[in-house]
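Q: Fold the following for me, if possible:
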Amino acid sequence: MIEEADAENSNTPDVDFSLQDTAPGHVHLCSSPDVDHNPTLGKNCRVSVEEVDDKDATSPTNNGRGWYFEPNPGTGWAQHEGETVFERRLTREEWSLGQWLVKNLGQRQTDEFLKLPITQNRLKLPFHNNWSFLQTVDELPHGPAWSCKKVTVRGNCENENGELLEEEVELWSRDPVECVKELIGNPSFKADMAYTVARAYSDPAGEHRVIDEMWTADWWGEKQKALPDGATIAPIILASDKTSLSQFQGDKSAWPVYMSIGNIAKAKRHQVSARATVLIGYLPAGKLDCFTPDARSLARYRLFHHCMSLLLYPLIVARNNGVDMVCADSWIRCVYPILVTYIADFPEQCLVACCKENRCPKCLVGANERGEGLDSVMRDPESTKNILERRKNGQHPLEFKENGLHAVYKPFWADMPHADIFMAFTPDLLHQIHKGVFKDHLVKWCVNIIREEEVDTRFKAIPDYPGLRHFKKGISTVKQWTGSEHKEMQQVFVGLLTGAVPSRVLVVARSILDFLYYAVLQIHTVESLEGLQTALAGFHANKDVLKELAIREHFNIPKLHQLTHYVQSISLFSAADGFNTELPERLHIDFAKDAYPVFLHSAYLDWLSREPGGRTDSDSHSDLDSGSDSDSSSEEAEATPAGKFGVTHVLAKTPAHPHQSVQKIVGAHGATDFLPALQSFLRTNLPQNTLVPGVQDHFDLHGQVVIVTPPSLQVSEAPMRRRIRASPERLASGCKPGGPARFDMALIRVGPRTSHLHTLDGLRVGQVRMIFCLPPQFGEYSRALAYIEWFTPFRAPDPSSRMRQVSHSTHQLRRNVVVIHVDDIVRPCHLIPKMGESVDLRSVSGNAYEAANDFYFNDFIDGEMFCASVTSS
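A: Reported below is the predicted structural model:
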């Protein structure tokens, strides 16, 4: 029996918990072999800032980035070799076959298939019939067993007999230490696992530090000093999020708790199918009707912390000497599992911190000072425990009210070794930035300034771009917003505000968008962290203009205040994308929402034991979206040579518009000066050619080119695939609808060739009007060509939006045009027309590039463009 009482207020009810273990049932979650394989991670270049003679197994993975690591020989010692519980009885091919049999065949069909002579003689499988197949499946390693604890909550309401009402709730849990063993010992993560801290640098001199994974950040190195030599830290990443289960009516909910470890690379942790984030418990989500409404909130706080204490108790037991664990490389290490980060939305962060929701769960900023951008004192676990203890003993410490605490006398983190729960709260990009500061605040402020109708008109006037959502009806008609739609708005928001809002409001918007784009970077440097600070300072320096316009009375906004902690959190724990709440919300689909209908008909946890773990990577969409304007045979594509820079330009083998006459080209593509431009190109590149192109010639035209570039590591670990379209208007034919002309903007190389878009230096904007190949009468010429219209070189940025300016380039009162090699095109880009105070109704999306003459270069079309733009500033 656990009894807790409010020492000050006798009207606050006692909250009693009685605990009873029920039969655990030994329901397991199967850990399947990893079906996702990243070959680049197995080819790590482990180079140190200091010269070392060998590269042992404890070296951190660097994802093939060629970084330089500062050695730390006193960490992650391997004691001796051991055997993991994942010693596989099946090869990867046998595992895939087993998955297919379970998914597609019944037991009788499986038995018949395995007994076929060709199956037994050719495949040589370890199972020869359905019975032996099922036996093999049963012998595969399982995850830690589930157990259920019954917790009885005694409320303050009485029944008709004058007895206090009680409510029994269930806590389902797995041993978190055993889950750590499962994760750190899984051979599927061997190439993605690090056991030592290592500062990473992009240069051999160690002058340019980079932070992306947890082992490259500051916390790990500082905590390692407090542990014995050779200790291996397993940084525990917890996430919890109460979620609704009922889709249309009712109030059923679940409260899953997930766990991962920072030793695993964040890209692997984000793969749902990899099972690098595991479910360790379900907290009770009861209504607690045994309490009166005024006491129910505090009772929920106390019940949460009591159940989390039960769930995480094994971590406290393991704090003294660590736990010997067999790691993914089959070496045994002494592992210290330490709670490092806690992923939760703002209300749940306050719940964990035992503070009120009008306070910051990380620092002691005043309730009315959260909009001032102050550097406040961080909350301290020891001090907080002391205040709560004094309150429990009947004292009335002033700090209790000043710190905005709740009377939770036994927080689950009170005895957690080496943990600072307040520092553990990580940035929540989804709720704090995308949905919070941007959508709920910045967009609302700007709509109030320039009116909803004008904002809608400006969104309609934004020119097209491959993959960019066009809000054809504006944004006022969108009722249900998603994270993707928030990001699509961000791509054009600063550009469409120019001319419509006062200059200081534009500075506020630019500062918030700068902060947002810096915050989502996957790799940070000293420069990017300084960019975060500068952007936030720019907002605070100009935000009072919103008070002057009577848009805001104050900026005491919790989500806005949270931005002040981003730089510290990234420096301590690594880039914010590794701790986003989007992953727990995605896991809810597998472990809560999809499970709930099954629960209505059969055993819930039995369903979990069979659940394969989510979608595979094949479900993810490609950056190259399919469209009706793509080439007719895009599957059969040919690529221009990548060269030493690793950039590939892909064209369809069969052109979309073969054998086009010059007259049709001029009319459909607006290529009025095509022949003079082609003649100039031939004189420069084929001086031996004697033929002069004329109206009698015909050309094969492609509808698009796909440019594949190496990963821009600050924004993605995958190669970039981007389209540039040059397709004329398509008339409706029969059942096939028509489509507008698509002549995309592109960055054209006019300077030295590079493999990445590091800056905008040596680049110029051009509109691609046509992609074509030379006819055979001009000789063999393997390189594809493009006819483009130049825009002026970049002019000085606008002082408020800081966006570069360009205009249509002319030569002798005609559009300045040229024929270039397709492989001189670096990537697509996006321009936003200067709209002024109100939008010309002629400047709709389809003809914006023709109706306007002056444009802003859009820095925010994607993360790579943003990084190149700020580097060039």
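
Q: Quick check: which ranges of the stretch 101-250 of the chain have low pLDDT?
A: Within the stretch 101-250 of the chain, the ranges that satisfy pLDDT under 70 run 246-250.

Q: in it, which spans are strands?
A: Counting by DSSP state E, counting those that start in this stretch, the stretch 101-250 of the chain has strands at residues 147-158, 164-173, 199-201, 209-211, 232-240, 243-244.

Q: Show me what the helix or strand just after the last one packs onto, helices and strands only.
A: It stands for strand 243-244. Next along the chain after strand 243-244, taking DSSP states H and E as the criterion, comes strand 253-254. With contacts defined as 3 or more Cβ pairs under 8 Å, 6 or more residues apart in numbering; DSSP states H and E, strand 253-254 has these neighbours: strand 243-244. All C-beta spots, glycine's among them, are computed from the backbone N, C-alpha and C.

Q: Can you tell me which of the strands of the stretch 101-250 of the chain is nearest to Gln679?
A: When the strands of the stretch 101-250 of the chain are compared by Cβ to Cβ, strand 209-211 sits nearest Gln679, at 49.4 Å.

Q: mind listing what that closest one pairs with, with the direction of each?
A: Strand 209-211 has the following sheet partners, assigned by DSSP bridges: strand 199-201 (antiparallel), strand 524-525 (antiparallel).

Q: in the chain, which residue is closest to the centre?
A: Asp577 (5.0 Å; Cα atoms, centre = their mean).

Q: Check for me that that residue belongs to a strand.
A: No - going by DSSP: H, G, I helix; E, B strand; the rest coil, the assignment for Asp577 is helix, not a strand.

Q: got any ranges where the stretch 351-500 of the chain has weak pLDDT?
A: Ranges of the stretch 351-500 of the chain meeting pLDDT under 70: none found.

Q: Which parts of it are helices?
A: Assigned by DSSP state H, counting those that start in this stretch, the helices in the stretch 351-500 of the chain fall at 381-392, 398-402, 421-424, 444-450, 452-460, 483-490, 493-497.

Q: who wins for proximity to Cys363 among those helices?
A: The minimum distance between Cys363 and the helices of the stretch 351-500 of the chain falls on helix 421-424, with 7.7 Å, by Cβ to Cβ.

Q: How about residues contacting that closest one?
A: Contacts to helix 421-424, defined as Cβ atoms under 8 Å, 6 or more residues apart in numbering, come from residues 339-342, 352-353, 361-363, 378-381, 384, 411, 413, 569, 572.

Q: Restrict the residues you listed to the buried ones and give me that as a PyMOL selection.
A: With 16 or more other Cβ atoms under 10 Å as the criterion, this PyMOL line picks the buried residues out of the contacts of helix 421-424:
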select buried, resi 339+340+341+342+352+353+361+362+363+379+381+384+411+413+569+572
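
Q: just to revisit the earlier point, what's the closest of the helices of the stretch 351-500 of the chain to Arg469?
A: Arg469 lies closest to helix 483-490 among these, at 4.3 Å (Cβ to Cβ).

Q: sorry, back to before: isn't the residue nearest to the centre of the chain right next to Ile523, touching?
A: No - under the criterion of Cβ atoms under 8 Å, Asp577 makes no contact with Ile523, lying 9.5 Å away.

Q: picking that back up, out of the contacts of helix 421-424, list just those in strands.
A: The strands, defined by DSSP state E, take in 339-342 from the contacts of helix 421-424.

Q: just those residues now: which is nearest Phe113?
A: For the ones in strands among the contacts of helix 421-424, the nearest to Phe113 is Thr341 (46.8 Å; Cβ to Cβ).

Q: In this structure the closest one contacts Asn580, no?
A: No - applying Cβ under 8 Å, one finds Thr341 not in contact with Asn580, separated by 11.5 Å.

Q: Spatially nearest residue to Ala848, not counting backbone neighbours?
A: Nearest residue to Ala848 in three dimensions, chain neighbours excluded: Pro463, at 4.3 Å (Cβ to Cβ, 6 or more residues apart in numbering).

Q: Against Pro658, how distant is that neighbour?
A: Distance, Pro463 to Pro658, using Cβ to Cβ, to the nearest Å: 29 Å.

Q: Pick out whichever of those two has more residues nearby.
A: For the pair Pro463 and Pro658, the greater number of neighbours falls to Pro463 (24 against 12), based on other Cβ atoms under 10 Å.

Q: Got the phi and psi for Leu686?
A: Taking degrees, to the nearest 10, you get phi -130, psi 70 for the backbone angles of Leu686.

Q: Can you report how many residues lie near it?
A: Neighbours around Leu686, by other Cβ under 10 Å: 14.

Q: measure it to Ala786 for me?
A: The gap separating Leu686 from Ala786 is 16 Å, by Cβ to Cβ.

Q: Which other helices and strands does the helix or strand containing Leu536 contact?
A: Using DSSP H and E, Leu536 sits in helix 526-542. Applying 3+ Cβ pairs under 8 Å, 6+ apart, we find helix 526-542 packed against helix 503-519, helix 566-573.

Q: Mind checking the pLDDT average for the top helix by length along the chain?
A: The single longest helix within the chain, with elements called by DSSP state H, is helix 293-317. Per-region confidence: helix 293-317 scores 92 on mean pLDDT.
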